[in-house]
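A.B. asks: predicted model and sequence below, questions to follow.
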Amino acid sequence: MAMRSSKGLSIASGSVIAVAAWLLLWETASRLELLDPFLAPPPSVLFTTAWELVTEGFPDGITMQGHVVATLGRVLIGFGVAAALAIPLGIAVGYMPTLELLFGSIITFGRSIAAISVLPLFVAWFGIGEMSKILLIAFAAFWIIITYTASSVKFVDPMLLRAARSMDAGEGTIFRSVVLPAALPRIFTGLKVGLSVAFLVIAAAEMVATVKGLGALIQEARTSFRTDITMVGMLAIGVIGYLTSKLLDVLAGRLMPWHRPSE
Amino acid sequence: MAATPRSAQSAGAATPAQNAPAELQLQMRGIVIENVTKSYLDARNITVQALSTIDLEIASGEFVCLIGKSGCGKTTLLNIIAGFVTPSTGRVLVDGERVTRPGQGKGMVFQQFALFPWLTAIGNIDFALKQRNLDKATRQTLAAELIGLIGLKGFEEKYPYQLSGGMQQRVAIARALAIDPKVLLMDEPLGALDELTRDTLQAEILRIWAAHRKTIVFVTHSVTEAVRLADRIVVMSAGPGRISQIIPISIPRPRLRTNAEVVALEEMVQAALG
Ligand SMILES: Nc1ncnc2c1ncn2[C@@H]1O[C@H](COP(=O)(O)OP(=O)(O)O)[C@@H](O)[C@H]1O
Ligand SMILES: [Mg+2]
């Protein structure tokens, strides 16, 4: 354990040094005008922009906090809806071969539709309000989560099933006490990938009829030629994406203390 | 384990068998493999004969090693006894009962341990005990006994990933014993372990077998292992899978390799393998 934490510490301090070195290089290149300061604003400008966004806001005085809350709300609700539907359906599809026969190809099909391409349909069906935005996020995450969940259940280690059968475990016990726990790690992987996809489509989801949200902020910045704001918006999406993903890791660690952390 | 319900039951069942004629007695206890063959359809739908006719009787309490080169049908035969694979012809009886499915007192130990990763050592053992519908107090007593038997006191609450391969296989053996099996079927159980661990576990398995006298069918491809463990070595050969020789061993245990008889026997088995 001591070795592991000191190694963890050195990795953490190593990456801090790496990030600092990159920022310094970027700043210098921008100052020396090796990089166009408009196309690639230096870190010092980005910090100022970020500060202005927090204190004054953009556009129309909407602060960074406001954008983050709006985006986080849409992502979490959309992701939650997707997970709530995709996990039980994925378990059913993975467990019952007939359902897989019926829905397997629909899932493959749905997964290959780019979320942004259904945006016009969703706007037509659900209007330009919150509903279409949340459902677009849910749509994108749904196919990912159902794919992972179905395969997690379908590809449970057959040796575990044999072990359970050799102990006279009935089908109900096998489903509840073997298939579900065995599937859990891969379902969590699906949730993590689904969450990252939810953040990927946020820019598309917030493209219409809103100025609130990090995706909308990036759109607004584009029309006002503020590359610095685009970059800060991008970074903010990255940061909350990273933090929510870590949160899922913590949850996974709590739920699966038996799971080797490296896996 | 002796005090558990199923032991009591099978002890009771032995009584009528003792009064029966010798021929019927053989049928009632141990394993009888009659006229078993197995053909698989391969990926191109061509029939592959994995086993030609197998006839074998294994006495109750006997320790039999199946040995043979890779692909000669050892796993297929063991899985037929276990009820995981249905034979193309013939039948298998375990204590006089025809094998139609897994369970029914056939304990399994696999090469890759197959422990439930989400259950602790004691949780894995308790999973098996729960399937016997025992009350909680009985289960706790039995689980503690089994943990003691495999020498893992102090490791009860460890998850499989926190245990060495040898320890994991000990837990798997305890889990198989927890169903109070009539027979223990092991498919290269020590194949994934290092030399030293294998050595210790061979001794452990012999000790457990001596204490409980479960019928054991043990698949291996190690001549040394088979000679050290078995009452009888069943040598199989391929193309199609069949029994080519049965070698009974009367050398008393422990069979040390300093014993010339043991070495001679190893050479004999090696020769039988071809
Ligand atoms: N499920 C299966 N489908 C098709 N062929 C199989 C299957 N299982 C085993 N075989 C074939 O049967 C033969 C015996 O295999 P197996 O019993 O695994 O041998 P061993 O355990 O002695 O290595 C091999 O030729 C193998 O390819
Ligand atoms: Mg094999």
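C.D. replies: Received the coordinates, thanks. Ligands and ions are numbered 1, 2, ... in the order given.
A.B. asks: quick check on the spatially most central residue of chain B: phi, psi?
C.D. replies: The centroid of chain B falls nearest to B:Leu185 when counting by C-alpha atoms, centre = their mean (2.4 Å). As for B:Leu185, its main-chain torsions (degrees, to the nearest 10) stand at phi -110, psi 120.
A.B. asks: shouldn't it be in contact with B:Ile81?
C.D. replies: Yes - contact criterion C-beta atoms under 8 Å: B:Leu185 and B:Ile81 qualify, at 5.9 Å. For glycine as for every other residue, the C-beta is placed from the backbone atoms N, C-alpha and C.
A.B. asks: joint contacts of the two?
C.D. replies: By C-beta atoms under 8 Å, 6 or more residues apart in numbering or on different chains, B:Leu185 and B:Ile81 have these common neighbours: B:106, B:217.
A.B. asks: mind listing the residues bridging to the residue nearest to the centre of chain B?
C.D. replies: On the basis of DSSP bridges, B:Leu185 is bridged to B:Met108, B:Val217.
A.B. asks: measure stretch B:64-77 end to end?
C.D. replies: The first and last residues of stretch B:64-77 sit 13 Å apart, counting by C-alpha to C-alpha, to the nearest Å.
A.B. asks: what is whichever strand or helix holds A:Gly194 packed up against?
C.D. replies: Element membership of A:Gly194, judged by DSSP states H and E, is helix A:180-200. Where contact means 3 or more C-beta pairs under 8 Å, 6 or more residues apart in numbering or on different chains; DSSP states H and E, helix A:180-200 is packed against helix A:64-95, helix A:130-154, helix A:227-255.
A.B. asks: and if we set it to 10 Å?
C.D. replies: If contacts are counted by 3 or more C-beta pairs under 10 Å, 6 or more residues apart in numbering or on different chains; DSSP states H and E, helix A:180-200 sits against helix A:64-95, helix A:130-154, helix A:158-166, helix A:227-255.
A.B. asks: which residues sit in contact with the residue nearest to the centre of chain B?
C.D. replies: Neighbouring residues of B:Leu185 by C-beta atoms under 10 Å, 6 or more residues apart in numbering or on different chains: A:166, B:31, B:77-79, B:81-84, B:94, B:102, B:106-110, B:176, B:215-219.
A.B. asks: domains for the chain, by residue range?
C.D. replies: The chain I'm using is chain A. Here the domain assignment for chain A is A:1-35, A:45-255, based on automatic domain parsing.
A.B. asks: oops, wrong one, chain B.
C.D. replies: B:1-105+B:183-274, B:115-180.
A.B. asks: nearest to ligand 1 within the stretch 151-274 of chain B, name that residue for me.
C.D. replies: Proximity of the stretch 151-274 of chain B to ligand 1 (C-beta to the nearest ligand atom) peaks at B:Gly241, 5.7 Å away.
A.B. asks: tell me how many other residues crowd the nearest residue to that residue once chain neighbours are set aside.
C.D. replies: In space, B:Gly241 comes closest to B:Gly73 once its chain neighbours are excluded; the distance is 2.6 Å by C-beta to C-beta, 6 or more residues apart in numbering or on different chains. Neighbour count of B:Gly73, defined by other C-beta atoms under 10 Å in any protein chain shown: 25.
A.B. asks: wait, B:Gly73 touches B:Ile80, no?
C.D. replies: Yes - B:Gly73 is in contact with B:Ile80 according to C-beta atoms under 10 Å; the separation is 9.5 Å.
A.B. asks: okay, and the common contacts of those two?
C.D. replies: B:38, B:50-51, B:54.
A.B. asks: and the residue nearest to B:Gly241, what does it touch?
C.D. replies: For B:Gly73, the contact set (C-beta under 10 Å, 6+ apart) comprises B:38, B:49-52, B:54, B:66, B:79-80, B:236-243.
A.B. asks: near chain B, which residues of chain A show up?
C.D. replies: A:157-170, A:173, A:177-178, A:180-182, A:184-185, A:255-263 (C-beta under 10 Å from any C-beta of the partner chain).
A.B. asks: ChimeraX command for the buried members of these?
C.D. replies: Entered in ChimeraX, the line below selects the buried ones among those, by 16 or more other C-beta atoms under 10 Å in any protein chain shown:
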select /A:160,161,162,163,164,165,166,167,168,169,173,177,178,180,181,182,184,185,256,258,259
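A.B. asks: return the most buried member of the helices and strands packed on helix A:180-200.
C.D. replies: Mean neighbours per residue, mean count of other C-beta atoms under 10 Å in any protein chain shown, is largest over these for helix A:130-154, with a mean of 24.
A.B. asks: give me the angle between it and helix A:180-200.
C.D. replies: In terms of direction (axes from the mean of the first three to the mean of the last three C-alpha atoms, to 10 degrees), helix A:130-154 departs from helix A:180-200 by 150 degrees.
A.B. asks: helices or strands up against helix A:130-154?
C.D. replies: Under the contact definition 3+ C-beta pairs under 10 Å, 6+ apart, helix A:130-154 sits against helix A:64-95, helix A:97-111, helix A:119-126, helix A:180-200, helix A:202-205.
A.B. asks: how about those helices in CSV, adding mean pLDDT and distance to B:Thr197?
C.D. replies: What follows is those, written out as CSV (pLDDT from 0 to 100; distance: least, C-beta to C-beta, whole Å):
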stretch, mean pLDDT, distance to B:Thr197
helix A:64-95, 96, 36
helix A:97-111, 92, 40
helix A:119-126, 91, 59
helix A:180-200, 96, 26
helix A:202-205, 85, 52
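A.B. asks: figure out which of these is closest to ligand 1.
C.D. replies: Going by C-beta to the nearest ligand atom, the one of these nearest ligand 1 is helix A:97-111, 18.1 Å.
A.B. asks: buried ones in the closest one, by neighbour count?
C.D. replies: For helix A:97-111, a neighbour-count test (16+ other C-beta under 10 Å) marks A:100, A:103-104, A:107, A:110 as buried.
A.B. asks: and the residue nearest to A:Ile87 when sequence neighbours are not counted, what does it touch?
C.D. replies: Spatial nearest neighbour of A:Ile87, excluding adjacent residues (C-beta to C-beta, 6+ apart): A:Thr149 at 5.4 Å. By C-beta under 10 Å, 6+ apart, A:Thr149 lies in contact with A:83, A:86-94, A:183, A:186-187, A:189-191, A:194.
A.B. asks: pLDDT at A:Asp36, what is it?
C.D. replies: Model confidence at A:Asp36, given as pLDDT, is 86.
A.B. asks: which stretches in chain B count as helices?
C.D. replies: B:5-19, B:22-28, B:74-82, B:121-130, B:136-149, B:165-178, B:195-212, B:223-229, B:260-273 (DSSP state H).
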